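**Q** using only what follows, build the 3D model:
(2 chains)
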Amino acid sequence: MTFDSNAFLIIFTGSLIAISCGFLGVFMMLRKMSMTGDAISHAVLPGIVIGYFVSGSQRSLEVIIGAGLLGILATLMIDWLRKRARVQLDASIGITFTLLFAIGIILINLLAYKVDLDQECVLYGEIAYLPIDSWITKSGLNLGPRITWLAGLNFLFVCGFIYLLFKELILTSFDENFSSVMGIPAKGVNLALMSIVSYTTVSSFESVGAILVVALLVVPPATAFLWTKSLMPLLKLTAAMGISISVLGYYLAYWIDSSIAGMMVTVAGVLFGISVLVHSKKPMWLGGTSSVKEPFGV
Amino acid sequence: MEDFVYFFTFQDPSILWVVLGITLLGIGSAYVGTFSFLDKKALLGDAISHAVLPGICLGFMMAGEKNPVYIVTGAFLSGGVATFLSSWLKRNTKLSDDTIIATILSVFFGFGIVLLTSLQKSGNPEIAGLNSFIFGNAIGISEADLMLYGGLSLAIIVVLTLMLKEFRLMVFDPQYGKAIGFPMKFISFLFNVLMILAVVIGIQAIGVVLMAALLITPGAAARFWTDRLNPLLILAAVFSVLSGILGTYVSFVLPQMPTGPWVVVFLSMFALISFLISPKSGILFRYFSRKKYLRKTHRDHLMKALYKAKEEGKDGLLIEEIYELYPFQKAETDKSIRDLNKIGFISKNQSFINLTEKGISEAMRIVRLHRLWELYLNESMNIAPDHVHDSAEQLEHLITPELETLLEKRLNYPILDPHREPIPRPDKP
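**A** Okay, the predicted model is just below:
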């Protein structure tokens, strides 16, 4: 097979997005906040619409700011419902993201004539058009695909964030009480993590879509977690998985002519399934040991 | 206004159909959703509603056209696989609940998108109709569809009502249910079937993403008004139906508006209002009852200070002395003095304050409870005398007369507290 620069670009960008999401996802999973990631990825919709409406362009700073603000608002609203209104956590997540998503769709319909945006594009995304969408400077210099630059920038942000706040993130993830005793503002760290998750969601939604961002946030860390328990291997495995699902996903999608992002997630799901089969608590007849039957298990 | 009358008199049979459909749908999903909310599985509905996408696409591929029976069957089967997988993963891996749900949701949806994209590239003209399965289109549902979906909703409602007792056991005490011989495994299987059905039907009216709201929000809102199951279910259904009708009305008046999102917005409004103003557990109510309690404790403390002054031989206290006791709380102190004066516990003479007869006996009661508790902590719990004050400061407002008698008996009718101060006792007539 000859070197195909488009294929390389798509796989490279896909890997960047998958690794950034995976790194954040590891910490989200350790904090039992995977569904909060799902909620954020839906809740940014009104922010995107408003940002788009204000700036008139889908790729402006306003969109990113709007989405970031909405992501933080969603986090705060979930927290408020849970702590102040004492709604159970899963219900407060459900109420928050459905309300914000509904408002987003209403805004799209309200501004339908001014905004060239529909819910499909937010939900699905398409990475295959990436090589066409080049970033060309005013002097006419072609710098390569815009989304690759965005993904690279996001990757740098995520790595920088994790590198700078590594100790704080670990402490607040594993032992929130101890971290507050140490004087680490657990709430602040949490909000920072949520804002970078929102930012990642926005900068990736164009290429992979909101729900597939969730898949990239959740599935690679969950798969890696089945293989290892310590943090560094967890991060490394997540990164390796991010790269492999980009490669496999691209070629499989190319082969059956379908959505690349969807195929990446499908591949991730298959890898997850294999890991589960290898590492699940096997029943006795498969040579497992942990077949303790609960006396009243229902 | 004309629109309003036209809509709500149901002159137009198609409006009647849509309203009827959304009413049945709302009741069905609110019913199922409330149970899953109580079972702490609220987000399972969200996972199912995303997971039906591959089934919808496969059903479409099998039929080659938009055939509701094929599509509903496909959706139902893939929702079933997702539900089964999520409980299997929960039993067989160490992953947490939310990770499992998020994984299932996104992998199934991702696979669904692969199928959907292939379908779109195949160029079948019927594909446009498939989008309304994913994003929902309550107005666009035909009469024939409505018969199928309305019938299924009705079936869900009937089964849930007939088996209310069994599902109540499943949610609140499955162990007990098993012990008295109910087939709990079958009951929770049946419940999952109903839940998947409700999701499959609901999606076409409201869309994949917003389906979760139809399941979770009515139950969560109704939970703030009652602690009993039957009123809870009825209230949830009422919220759901009201928002359904309001949402349909909005999209009738403003034709470019989609129904589903408006239904969700109205539902969330009901929920947020419930969170704020419901008695007992609403935010406002809890805020005011906390305020009230704080004022009561402040009044109690003030009376205690006056009683102590009396013990030291003073007649009462100057208002400045009281201010000094509670620095930076002048406004609260003024309010307490006004209130106590109104009840007749203290009398205020210029800036001199002393207890009335009634006030003395009330203050004596508080001081007595305080010192009894201090003594109890010291004697029965072996806590040093200099550590007991803070706890007593909180409990003096809470100890009931029954507890007081018990304490006194346990401590053998004491005279002095650990700080060698007398424990006052009202003279028995």
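**Q** low pLDDT regions in chain A?
**A** Along chain A, segments meeting pLDDT under 70 span A:1-3, A:58-59, A:112-144, A:211, A:281-298.
**Q** count of neighbours near B:G282?
**A** The number of residues packed near B:G282 is 18, by other C-beta atoms under 10 Å in any protein chain shown. Every residue, glycine included, has its C-beta placed from N, CA and C.
**Q** which residues in the chain form strands?
**A** Let's take chain A. Listed in chain order, the strands found in chain A under DSSP state E are A:134-136, A:142-145.
**Q** my bad, the chain I had in mind was chain B
**A** Secondary structure of chain B (DSSP E): strands at B:317-318, B:346-349, B:352-355.
**Q** quick check: which of these is nearest to chain A?
**A** Proximity to chain A (C-beta to the nearest C-beta) singles out strand B:346-349 among those, at 36.5 Å.
**Q** in that closest one, which residues are buried?
**A** Neighbour counts using 16 or more other C-beta atoms under 10 Å in any protein chain shown place B:I346 of strand B:346-349 among the buried residues.
**Q** ok, back up a step: can you redo the strands of chain B as a markdown table with mean pLDDT and distance to chain A?
**A** A markdown table is the format used below for these (pLDDT from 0 to 100; distance: least, C-beta to the nearest C-beta, whole Å):
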| stretch | mean pLDDT | distance to chain A |
| --- | --- | --- |
| strand B:317-318 | 80 | 39 |
| strand B:346-349 | 80 | 36 |
| strand B:352-355 | 81 | 38 |
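**Q** in a markdown table, list these along with distance to B:E404.
**A** As requested, those are exported to a markdown table (distance: least, C-beta to C-beta, whole Å):
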| stretch | distance to B:E404 |
| --- | --- |
| strand B:317-318 | 27 |
| strand B:346-349 | 23 |
| strand B:352-355 | 21 |
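**Q** out of these, which comes closest to B:L53?
**A** Nearest to B:L53 among the strands of chain B is strand B:346-349 (71.1 Å), distances taken as C-beta to C-beta.
**Q** returning to that earlier point: so which of the strands of chain B comes closest to B:A213?
**A** Judging the strands of chain B by C-beta to C-beta, what sits closest to B:A213 is strand B:346-349, at 54.5 Å.
**Q** for the closest one, packing partners?
**A** Contact here means 3 or more C-beta pairs under 8 Å, 6 or more residues apart in numbering or on different chains; DSSP states H and E; on that basis strand B:346-349 packs against helix B:330-343, strand B:352-355.
**Q** most neighbours per residue, which of those?
**A** Across the helices and strands packed on strand B:346-349, the average number of neighbours (mean count of other C-beta atoms under 10 Å in any protein chain shown) peaks for strand B:352-355, which reaches a mean of 19.
**Q** tell me where chain B is predicted with low confidence.
**A** Chain B contains residues with pLDDT under 70 at B:1, B:124-134, B:136-141, B:427-429.
**Q** is the longest helix belonging to it anywhere near chain A?
**A** Secondary structure of chain B per DSSP state H: the longest helix is helix B:283-311. Yes. Using C-beta under 8 Å from any C-beta of the partner chain, helix B:283-311 reaches chain A at B:I283.
**Q** let me know how buried the residue of chain A found nearest chain B is, in neighbour terms.
**A** Nearest residue of chain A to chain B (C-beta to the nearest C-beta) works out as A:V265 at 2.6 Å. Counted with other C-beta under 10 Å, residues neighbouring A:V265 total 31.
**Q** residues contacting the closest residue to chain A within the stretch 51-200 of chain B?
**A** Residue nearest to chain A within the stretch 51-200 of chain B: B:G110 (2.6 Å; C-beta to the nearest C-beta). Counting by C-beta atoms under 8 Å, 6 or more residues apart in numbering or on different chains, B:G110 touches A:I211, A:L212, A:A215, A:A261, A:G262, A:M263, A:M264, A:V265, A:T266, A:A268, A:G269.
**Q** which non-adjacent residue is nearest the fourth one?
**A** With sequence-adjacent residues excluded and distances taken as C-beta to C-beta, 6 or more residues apart in numbering or on different chains, A:A261 is closest to A:V208, at 4.1 Å.
**Q** that neighbour: how many residues sit nearby?
**A** Other residues within reach of A:V208, judged by other C-beta under 10 Å, total 31.
**Q** was I right to think it contacts A:I17?
**A** Yes. Between A:V208 and A:I17 a contact is recorded at 6.2 Å, counting by C-beta atoms under 8 Å.
**Q** joint contacts of the two?
**A** In contact with both A:V208 and A:I17: A:L216, using C-beta under 8 Å, 6+ apart.
**Q** related to what we said a few turns ago, pull out the buried residues from the longest helix of chain B.
**A** By 16+ other C-beta under 10 Å, the buried positions in helix B:283-311 come out as B:283, B:297-307, B:309-310.
**Q** closest to chain A out of the residues you listed?
**A** Lowest distance from chain A to the buried residues of helix B:283-311 (C-beta to the nearest C-beta) belongs to B:I283, with 5.8 Å.
**Q** for that closest one, give me its contacts.
**A** With C-beta under 8 Å, 6+ apart as the criterion, the residues that contact B:I283 are A:R84, A:A85, B:F275, B:L276.
**Q** my read: the second one touches B:I273, true?
**A** What it means is A:A85. No. A:A85 is not in contact with B:I273 according to C-beta under 8 Å; the separation is 11.3 Å.
**Q** let me see the contact set for the closest residue in space to B:H370 that isn't next to it in sequence.
**A** Counting by C-beta to C-beta, 6+ apart, B:H370 lies nearest to B:E396, which is 4.2 Å off, once chain neighbours are set aside. By C-beta under 8 Å, 6+ apart, B:E396 lies in contact with B:D300, B:K304, B:I366, B:L369, B:H370, B:W373.
**Q** try it again at 7 Å.
**A** Contact partners of B:E396, counting by C-beta atoms under 7 Å, 6 or more residues apart in numbering or on different chains, are B:D300, B:I366, B:L369, B:H370, B:W373.
**Q** compute the first-to-last residue distance for stretch B:214-231.
**A** Counting by C-alpha to C-alpha, to the nearest Å, you get 18 Å between the two ends of stretch B:214-231.
**Q** that stretch close to chain A?
**A** Yes. Stretch B:214-231 lies within reach of chain A by C-beta under 7 Å from any C-beta of the partner chain, at B:I216, B:T217, B:A220.
**Q** quick one: that stretch to chain centroid distance?
**A** Computed by C-alpha atoms, centre = their mean, to the nearest Å, the separation of stretch B:214-231 from the middle of its chain amounts to 7 Å.
**Q** tell me the residues on the stretch 101-250 of chain B that lie near chain A, please.
**A** B:101-103, B:105-107, B:109-111, B:113-114, B:117-118, B:121, B:135, B:174-175, B:178, B:184-185, B:209-210, B:212-213, B:216-217, B:220.
**Q** of these, just the buried ones, ChimeraX syntax please.
**A** The ChimeraX command for the buried members of those (criterion: 16+ other C-beta under 10 Å) is given here:
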select /B:101,102,103,105,106,107,109,110,111,113,114,117,118,135,174,178,184,209,210,212,213,216,217,220
